[in-house]
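S.K.: the amino acid sequence is not available; the structure is as follows:
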C-alpha cells in the first residue's frame, strides 16, 4: 500500500509538471529572465501548488496520523544557517544556468537527450558530495 | 494563448499540490523531490520502496500523456510537445547539474520541498531558502543572458 501511495503521489506530481509546462526549461528560464521577455507561467504553477498544499495539509493534519504510517514526519529545525542559504544559492546558480530543478529534470526522462543525461549524472554526483560533506547524515 | 498557458500552469500547480497532500495524508511525508530521489539512490531502509515508486510515478506521468497521444503539454515553443528540449549544451548542463545536486543536498531541499511544501507550512527556513534560490537564479540568468550575451 505504501508503494502504491508513493506511485500515486509521483504520478500526480509528474502529470502536474507536464501539464503546467515545467518540463520545458525555456518556460523556467523565461520566468527567471525578468529583464527580458518575461514568462509568468511559473508564478501560476507555484501559486496553485502552494495554495492547494496549504489547504490540503491543514485538512490532513486534522487526523491524528497519516493513513499508512504512525506519524507525520515534519522538519524540526528552525534556524537559518550558512548551509541552508549557501546551498540555496548554489542551487539557484545551477537552476538559472540550466532551467532545470530536480523534479522537471527527472520527469523529462521520457524525452531524454544528451544534455539532460549529463545534467542528471552530475546531479547525482552533487547529491553524493553533499552527503559526504554533511556531518553524520 | 497566454491565458491558456497561465491556466495550464495553475491546473498543473493544483495537481502538484494534490500530490503533496496525498504524500502527507497517506505517508506523513514532505513531497521534496531532491530528498526523495537522492534517498532512492543513496539510502537503504524502509523508505526505499515508496520512494522508488514515487520516482516511477514521476517519470510515468509525462510518459503516459505522450503514449496516450494527449496534447496537454505547455511547452513554450511547441504546443504539441510534452517535454521541452534543453536550452544549454553539455558543458553548461554538467556544471548546472553538479550545482543543483550540491546545493539542494546541502540546503535540504529544492523547488518542491522548500518552494511548495515549505511555503505551505509557513516554514521560516523554506521561505528564506526559496527567496535566495529564486533571486540567485534570476541574477544568474541576467548575468549569463544580458551581460555575457550567452546563447538564449
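M.R.: Alright, I've got the coordinates. Keep in mind the model is a prediction, meaning the values are calculated, not measured.
S.K.: quickly find the element holding residue B:61.
M.R.: In this structure, residue B:61 is located in helix B:48-67 according to DSSP states H and E.
S.K.: those helices in chain B, which residues are they?
M.R.: B:2-27, B:33-42, B:48-67, B:90-106, B:119-120, B:124-142 (DSSP state H).
S.K.: if you count contacts, what does the second one end up packed against?
M.R.: The contact analysis (3 or more CB pairs under 8 Å, 6 or more residues apart in numbering or on different chains; DSSP states H and E) places helix B:33-42 against helix A:102-107, helix A:114-133, helix B:48-67, helix B:90-106. Any C-beta I mention is one placed from the backbone N, CA and C, and that applies to glycine too.
S.K.: what's the angle between that helix and helix B:2-27?
M.R.: Comparing the axes of helix B:33-42 and helix B:2-27 via axes from the mean of the first three to the mean of the last three CA atoms, to 10 degrees yields an angle of 50 degrees.
S.K.: what's helix B:33-42 in contact with?
M.R.: A:13, A:101-103, A:106, A:124, A:127-128, A:130-131, B:47-48, B:51-52, B:54-55, B:58, B:101, B:104-105, B:108-113 (CB atoms under 8 Å, 6 or more residues apart in numbering or on different chains).
S.K.: which of those residues count as buried?
M.R.: A:13, A:101-103, A:106, A:124, A:127-128, A:130, B:47, B:51-52, B:54-55, B:58, B:101, B:104-105, B:108-113 (16 or more other CB atoms under 10 Å in any protein chain shown).
S.K.: to residue A:112, which of the helices of chain B lies closest?
M.R.: Closest approach to residue A:112 among these (CB to CB): helix B:48-67, 10.1 Å.
S.K.: tell me what that closest one is packed against?
M.R.: helix A:2-20, helix A:102-107, helix B:33-42.
S.K.: dump these into TSV; add mean pLDDT as well.
M.R.: As requested, the helices and strands packed on helix B:48-67 are arranged in TSV below (pLDDT from 0 to 100):
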stretch	mean pLDDT
helix A:2-20	98
helix A:102-107	98
helix B:33-42	97
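S.K.: and those helices, which is most packed in?
M.R.: helix A:102-107 (a mean of 27; mean count of other CB atoms under 10 Å in any protein chain shown).
S.K.: that one and chain B in contact?
M.R.: Yes: counting by CB under 8 Å from any CB of the partner chain, chain B has neighbours in helix A:102-107: A:102, A:103, A:105, A:106, A:107.
S.K.: got the contact list for that helix?
M.R.: By CB under 8 Å, 6+ apart, the list of residues contacting helix A:102-107 from outside reads A:13-14, A:17-18, A:22-23, A:25, A:28, A:116, A:119-120, A:123, B:33-34, B:37, B:55, B:58-59, B:61-62, B:97, B:100, B:104, B:110-112.
S.K.: low pLDDT regions in the chain?
M.R.: Because you didn't say which chain, this covers chain A. A:136-137 (pLDDT under 70).
S.K.: I was thinking of chain B, sorry if that wasn't clear
M.R.: If you take pLDDT under 70 as the line, chain B has these spans: B:1, B:149-152.
S.K.: which residue packs closest to residue A:17, ignoring adjacent ones?
M.R.: residue A:107 (4.7 Å; CB to CB, 6 or more residues apart in numbering or on different chains).
S.K.: hang on, the earlier thing: deepest-packed of the helices of chain B, please.
M.R.: It is helix B:90-106: most buried of the helices of chain B by mean count of other CB under 10 Å, with a mean of 24.
S.K.: packing partners of that one?
M.R.: Under the contact criterion of 3+ CB pairs under 8 Å, 6+ apart, helix B:90-106 touches helix A:82-98, helix A:102-107, helix A:114-133, helix B:33-42.
S.K.: of all those, which one is nearest residue B:130?
M.R.: Across the helices and strands packed on helix B:90-106, closest to residue B:130 is helix A:82-98 (CB to CB), at 7.7 Å.
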